[in-house]
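> below are the sequence and a predicted model; questions follow.
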Amino acid sequence: METYRNVPFWPVSVLGVALLWAACCGTAAAQDVIRVPLRIVPAAPSVSWDVPYPEALGTFTAPGDVKLESLAPASSGCRFRLPSGEEVSLQFGDWQVLNIRRGDRSLPYEVTCEEYEKAGQKHHKLSWSPLYRAEGMLTVGDCKRLVAVKDMNGDGVFDRKDLLMGTAFGVDINGGFQIEWLFSGDVFEVRGKRWELAALSPAGDWIEFRESKLPQIRVGGPVPAFTLQMDNGETVDSRKLRGRWYLLDFWASWCGPCIENVPEVKQLGNELSDRLVIYLVNVDEPERLKMAKQLILKYDLRYAKAWPGLGQADPVWRMFGALSEHHFTTIPLYVLIDPANRIAVATQEVSQVRAAVLKQHW
């Protein structure tokens, strides 16, 4: 049996994990990696960025380091100059499609001029939305599935930054030309095989998928083999989690519900201290670990903690996030392991953990 340690093994950092199934035609021939050619196509707005419009004349910056020059105060609208020299004038509430040069190509954006009030004062902004995405056709045997990738931050580059921002790529899993938008760690099935994102071209001209080697697990089934290195020096070996209840609490500093649930987790630990061991497993990116550790101190969480620093690319998180019956795409995730070393509960509700432990008599 393979043991998955909380060390890097996948080249792309991710924000979430899910397992999505697709009924497809038969079984694919052995093939480890598939590269899908992509092309840039028009698309409806799916993400937008607010660009503060300066109250005084001067330069300001739009997504992708586009330098704009305001030509008038925002008394009745927004008037500015693009890097190309083109002047744009918008009244409040008006929008216009602007073509912005990105390297050797121009990309379209929907730009809206808006006025809003905050703390009793009026402010102004441009809402900036990409009107494009990259598309291609994933071919596995005689199955063809539409694939799409969004430029989440609108900078004209398809890269790790986009993947960290959410559901940046999608696949027509069921073959009905209905895109299922996925996090970059998501596992999906086509032609009897489970696939995951392997690589993405920054230019948006290709994407690669490879067969997923993550073990497929389920609630009620045995705990997969893994180890976690805890901050108290303990090495958690999943094969030895027996004789008591164990809770894996997957959380991150940016996860509002994770923080909101802290008092309930602490109450659970106090209430069931004689039969439940809690391990906190952080899924923050490296740059946010300092903030995460400050939260631990603030809330006085004294349980053993794992700090992989891999974000949601951590293989332990990816295994449990891909629980086939639950399709978790984000945190918090509470995985309860029973005294027989089986997965008893996988949930986002602390109350379900409590109920499961109290219901069973071991």
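Perfect, thanks for sending it. This is a predicted model, so every value here is computed, not measured. Numbers count the residues shown, from 1 in each chain.

> what's the neighbour count on residue 186?
27 (other CB atoms under 10 Å). (Each C-beta comes from the backbone N, C-alpha and C, glycine too.)

> in terms of pLDDT, where does it sit?
pLDDT recorded at residue 186 is 79.

> ok, it to residue 207 distance?
Separation of residue 186 from residue 207 (CB to CB, to the nearest Å): 13 Å.

> who touches both of these two?
Counting by CB atoms under 8 Å, 6 or more residues apart in numbering, the residues touching both residue 186 and residue 207 are residue 197.

> please enumerate the strands of the stretch 151-300 of the chain.
169-171, 180-182, 187-190, 193-200, 206-211, 226-229, 235-237, 245-251, 276-282 (DSSP state E, counting those that start in this stretch).

> how about these in CSV, adding distance to residue 305?
Below are the strands of the stretch 151-300 of the chain laid out as CSV (distance: least, CB to CB, whole Å):
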stretch, distance to residue 305
strand 169-171, 31
strand 180-182, 29
strand 187-190, 27
strand 193-200, 27
strand 206-211, 32
strand 226-229, 10
strand 235-237, 11
strand 245-251, 9
strand 276-282, 4
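
> would you single out the least confident of these?
Among those, strand 187-190 scores lowest, with a mean of 85.

> helices or strands up against it?
When contacts are defined as 3 or more CB pairs under 8 Å, 6 or more residues apart in numbering; DSSP states H and E, strand 187-190 packs onto strand 19-20, strand 193-200.

> nearest to residue 68, of these?
The closest of the helices and strands packed on strand 187-190 to residue 68 is strand 193-200. By CB to CB, the value is 28.5 Å.

> and that closest one, which strands flank it?
strand 187-190 (antiparallel), strand 206-211 (antiparallel) (DSSP bridges).

> quick one: those as CSV, columns for mean neighbour count and distance to residue 290 too.
Output for these, formatted as CSV (neighbours: other CB atoms under 10 Å; distance: least, CB to CB, whole Å):
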stretch, mean neighbour count, distance to residue 290
strand 187-190, 22, 31
strand 206-211, 18, 33
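
> what's the closest of these to residue 230?
Using CB to CB, the nearest of these to residue 230 is strand 187-190, at 26.9 Å.

> which ones are touching residue 305?
Residue 305 neighbours (CB under 8 Å, 6+ apart): 230, 231, 232, 279, 280, 281, 282, 296.

> what strand or helix carries it?
strand 304-306 (DSSP states H and E).

> after that strand, next one along is what?
Taking DSSP H and E, what comes next after strand 304-306 is helix 315-321.

> related to what we said a few turns ago, between the strands of the stretch 151-300 of the chain, which gets nearest to residue 89?
Using CB to CB, those put strand 180-182 closest to residue 89, at 35.2 Å.

> list the contacts of that closest one.
By CB under 8 Å, 6+ apart, strand 180-182 touches 18, 20, 150, 167, 169, 170, 171, 172, 173, 174, 188.

> how far out from the middle of the chain is that strand?
11 Å (CA atoms, centre = their mean, to the nearest Å).

> partner strands of that strand, parallel or antiparallel?
strand 169-171 (antiparallel).

> now what about the strand it pairs with, what contacts it?
20, 138, 145-150, 163, 179-182, 184, 188, 190, 197, 200, 207.
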